[in-house]
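Need a 3D model of the sequence below.
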Amino acid sequence: MEQKKKSRGIFWVLFAVSIAAFYGVYQIGGGYCSMVLPFNVTFFAMAMDLM
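Residues are numbered from 1 along each chain as shown. This next block holds a predicted model:
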């Protein structure tokens with residue numbers, strides 16, 4: 001079977017946006033930045049094609 005090459009560029013963009021959101025929330029709310037961590041980890045794993 002042939003495997004298609006998956007486009008992962010959108011996940012790298014979403015990972016960068018989630019990192020920016022992490023620092024934005026950290027500047028505003030401090031301890032609430034941990035609520036953004038699931039997005040950081042998920043988008044990074046999808047960009048690295050681990051999932």
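
what sits up against the lengthiest helix in the chain?
In the chain, assigned by DSSP state H, the helix with the most residues is helix 9-29. Helix 9-29 is contacted by residues 32-33, 35-37, 39-40, 43-44, 46-47 when judged by Cβ atoms under 8 Å, 6 or more residues apart in numbering. The way it works is simple: take the backbone N, C-alpha and C, and place the C-beta from them, glycine included.

What's the first helix or strand after it?
Beyond helix 9-29 on the C-terminal side, the first helix or strand identified by DSSP states H and E is helix 37-47.

what are the phi and psi values for Arg8?
Note on Arg8: its backbone torsions stand at phi -110, psi 10 [degrees, to the nearest 10].

how near is the closest residue to it other than its chain neighbours to Ser34?
The shortest distance from Arg8 to any non-neighbouring residue, by Cβ to Cβ, 6 or more residues apart in numbering, is to Ala47 (5.3 Å). Counting by Cβ to Cβ, to the nearest Å, the gap between Ala47 and Ser34 amounts to 21 Å.
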